[in-house]
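Visitor: Let me see the structure of the following:
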Amino acid sequence: MVFGSVFNHKWCCNAYKFVKRIRENKIQGKIVVSQYQNFTQPEALKRLLQFTNIQLKMVVRGDFHAKGYLFKKGDNYNLIIGSSNLTASALCSNKEWNLKVVATKQGQLIFDTIREFRREFEDAELVTMEFIATYEEIYKAQKDFFYKAKHNKEEVLKKIIKPNSMQTEALRSLIELRMQNKNKALLISATGTGKTFLSAFDVKEFNPQKFLFVVHRTTIASDAMNSYRQVLGQDKVMGLYSGQQKAKKADFLFSTIQTIAMDDNLNQFDKQHFDYIVIDETHRAGAATYQKILNYFEPKFLLGMTATPERTDGFDIFSAFDYNIAYEIRLHRALEEELLCNFHYFGVTDITVEGKVLEENSLFNLLTADERVNNIIEKAEFYGCDNGCVRGLVFCSSVEESEKLASEFDRRGYRSISLSGKHDESVREEAISRLGSTEETEKIDYIFTVDIFNEGIDIPKVNQIIMLRPTQSAIIFVQQLGRGLRKAVDKEYVTVIDFIGNYNSSFLIPIALYGNTSYNKDTLRKLMRSGSNLIPGASTVDFDEISRERIFESIDQAKMQAKKDLVKDYELLKYKIGKNPMMMDFLEHGARDPQLYVDYSKSYFNFMADREVKMKNQLSMRAKKILELLSNEIANTKRIEEVIILQEIMKNGYTTRMAIKSIIFDKYKVVVSDDTLGSCVRNINFNFVTENENKKLISVREKYNLNMISEDNEELLYAQDLQESLKNKIFTVFF
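Guide: Here you go, the predicted structure:
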């Protein structure tokens, strides 16, 4: 039994997994909600009517305002009662007080609760589609009233635009960079977090006489100009510089890269004409047109903005901005700061068609078969959207699939359009406008596409995203997810339905969803088991049983230390920090697990020596062998005591058993025995390590005559091999 005064569709999304379990086990349930202040959402009621094993009623008279949950298992009852309404904010993020009581039916509290629930349930109205239709009119009337009041308030607030928390931090960083005489900076910020407004705030602070904003589409340039007008008012003369519109005399120009990069146009301006230049979508900066701009103009300050600097295609974007990262905010931080709307992700199994499991290279006829189309529509209807009026984006594997599925959806009553690279900007803009339209005759339900909406497009009203292609890039996954994360008036969340077939790269899904790019298999498994616990705010993640197993299988089979991937991430981090990265740099910047480099090359030094010419022949074969053994046997974090022993010897030239015991107890509250310390010393000297030689296991210490540390009563000291090796500065750096 569930009873609550306010009930919304976001709670439904959080409860899908629970309700699904109820349905599969044929468990009966009862829910009673209230018409209190008409806040209960009609769409949420519709969602629950899908479950025939749940009886749903609404209290329409009286003062019913209770909130609680009662679950029965065997003879025991679990009662959770308190202040939480049946809403995602109440159950996931608000500070609420609730009490859980476990008792039998004979307990007075349980007895009274059941009696009171039955009384309210009997008097309540049965919820049917006819009941919802009547209630929906009341709900919409009140909603329209509150919307008008809220809209009027927002119109007033628009006149007083202030930086949000993220923008305030970034602005402070930009000012500090300029105080250090830096004239370039890179802003890394997730889609929808207000990069354009942030740049406008900084331009207002800088107060340039002449300003240039460079984008890749005219519509984005126009939108940016409108945003700047909201921040700067009418003090500056602004104009577009794109196509036939060339307001050259304007103080603030908003230009497309295609127009400004043309020689005839570029030569109209002196190299130092602009005091401040903003390059939007800076990950494109490796292209010849962008290079032309960057190499020609000499502004007093240059700001680059991007959500995905990793998409450099071999171009070092970070060096182009002198490695000055002004600010970095990724998806999870943006969700924590409530800069984006919540999402509810459902990983569902793509069906078997004609007895064949859908794989990455499935035939076109399987991808567009009636059986699959019906399944997609069934899931889209089941998981729905926040308000029942779907505005969906569907990402497909190919243009042919996109066109065919759009046609099939349209034939089944869902007005749909397929867009691809062959459609010009005016066609795209018309489709986007129709997707967000409130006019029933104009509105479309879905836009089917391949990759053209991955970035640089703003469709705030999107409330459902369907993914019908294998995830082959965590970056693209986040970009496509980001199409639905922009906030909009009257939008509560976006529903994401990901159809997961038998794909080799499914392990990229948890990497993208949880924002963890370590590629550590144990970490990915833990994230998958965590469900929604590690997703910020009221957003949720749910996989059906088959898709979950497929992802676990993909994690098991994935080769996380493929050389091309290791090299790519090494080079990206090198670009980002402006130097050869060490293992700690990978951890500090949330990059790939550095142990994977050790697994591939036996030591991190070996990997770097293979990449960097200056590192070759810097160590003897014996020193390299010692580093390999240390990397795999000591620095593998299996016993922290061994690392601390070496750290203390490095720091002081010696240490004592008592000192090691004291350090470990103070830091980890663990008592270390003499036997354990003795075992640690023997392992540091590689007593337990063997190698296979001529089909026989032989001692590494004996084979190489190694002696790392020695003991003198209570003291632990350098032994000859370690002492000699540490004379080499390169060895010391990698030790």
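
Visitor: Point out where the stretch 101-250 of the chain drops to low pLDDT.
Guide: For the stretch 101-250 of the chain, the stretches with pLDDT under 70 are 145-160.

Visitor: Do a quick rundown of the strands in it.
Guide: 125-126, 184-189, 211-215, 238-242, 245-246 (DSSP state E, counting those that start in this stretch).

Visitor: Give the pairing partners of the second one; include direction for each.
Guide: Based on DSSP bridges, the strands next to strand 184-189 in the sheet, each with its direction, are strand 301-306 (parallel), strand 325-329 (parallel).

Visitor: Now do the contacts for Leu646.
Guide: Ile634, Ile684, Ile709, Phe735 (C-beta atoms under 8 Å, 6 or more residues apart in numbering). From N, CA and C alone the C-beta is placed, and that goes for glycine too.

Visitor: Let's have the residues you listed in CSV, adding pLDDT.
Guide: Below are these laid out as CSV (pLDDT from 0 to 100):
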residue, pLDDT
Ile634, 88
Ile684, 89
Ile709, 89
Phe735, 84
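
Visitor: thinking again about what came up before, rank the strands paired with strand 184-189 by pLDDT, which is bottom?
Guide: Ranked by mean pLDDT, these end with strand 325-329 in last place, scoring a mean of 90.

Visitor: Mind listing residues that contact that strand?
Guide: By C-beta under 8 Å, 6+ apart, the list of residues contacting strand 325-329 reads 166, 169-170, 173-174, 177, 185-190, 193, 303, 318, 337, 339, 576.

Visitor: again with stretch 97-116
Guide: So stretch 97-116 is contacted by 1, 66, 68, 70, 75-84 (C-beta under 8 Å, 6+ apart).

Visitor: Keep only those of those residues that are in helices.
Guide: Of those, none are assigned to helices by DSSP state H.

Visitor: Looking at these, which gets the smallest pLDDT?
Guide: Among the contacts of stretch 97-116, Met1 has the lowest pLDDT, at 62.

Visitor: right, and the strands paired with strand 184-189 - which one's nearest Gln245?
Guide: With respect to Gln245, and counting by C-beta to C-beta, the nearest of those is strand 301-306 at 22.7 Å.

Visitor: what's the distance between Lys292 and Ala285?
Guide: 11 Å (C-beta to C-beta, to the nearest Å).

Visitor: For these two, indicate the residue with more neighbours.
Guide: Remark: of Lys292 and Ala285, Ala285 carries more neighbours, 24 against 16, as counted by other C-beta atoms under 10 Å.

Visitor: how much space between Ile645 and Ser603?
Guide: Distance check for Ile645 against Ser603: by C-beta to C-beta, it reads 20 Å.

Visitor: which of those two has more neighbours?
Guide: Between Ile645 and Ser603, Ile645 has the larger neighbour count (other C-beta under 10 Å), namely 26 against 23.

Visitor: list the contacts for the more buried one?
Guide: Applying C-beta under 8 Å, 6+ apart, we find Ile645 in contact with Thr655, Ile660, Leu677, Cys680, Val681, Ile684, Ile709, Leu716.

Visitor: make it 10 Å
Guide: 634, 639, 655, 657, 659-660, 663-664, 677, 680-681, 683-684, 708-709, 716 (C-beta atoms under 10 Å, 6 or more residues apart in numbering).

Visitor: Which of those residues are buried? Put it as a PyMOL command.
Guide: Only the buried entries of the contacts of Ile645 go into this PyMOL selection, using 16 or more other C-beta atoms under 10 Å:
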select buried, resi 634+639+655+657+659+660+663+664+677+680+681+683+684+708+709+716
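
Visitor: got the domain boundaries for the chain?
Guide: Structural domains assigned to the chain are 2-143, 165-329, 343-557, 560-601, 610-734, following automatic domain parsing.

Visitor: Distance across the longest one, terminal residue to terminal residue?
Guide: Domain 343-557 stretches 29 Å from its first residue to its last (C-alpha to C-alpha, to the nearest Å).

Visitor: which residues sit in contact with the closest residue to Ser227 other than its chain neighbours?
Guide: Of all residues beyond its chain neighbours, the one nearest Ser227 is Thr196 (4.8 Å), with distances taken as C-beta to C-beta, 6 or more residues apart in numbering. Neighbouring residues of Thr196 by C-beta under 10 Å, 6+ apart: 213, 215, 220, 223-228, 231, 278, 280, 305, 458.

Visitor: Return the distance of Thr196 relative to Pro299.
Guide: For Thr196, the distance to Pro299 - C-beta to C-beta - is 18 Å.

Visitor: now Ile220
Guide: As for Ile220, its distance to Pro299 is 20 Å (criterion: C-beta to C-beta).

Visitor: cool, Ser518 as well?
Guide: Counting by C-beta to C-beta, the gap from Ser518 to Pro299 is 38 Å.

Visitor: what does Leu363 give?
Guide: Look at Leu363 and Pro299: by C-beta to C-beta, they are 53 Å apart.

Visitor: Have a look at these two and say which one is more surrounded.
Guide: Using other C-beta under 10 Å as the criterion, Leu363 and Pro299 rank with Pro299 on top: 20 against 13.

Visitor: which stretches of the chain aren't confidently modelled?
Guide: In the chain, residues with pLDDT under 70: 1-26, 88, 92-93, 145-160, 311-314, 360, 364, 455-456, 637.
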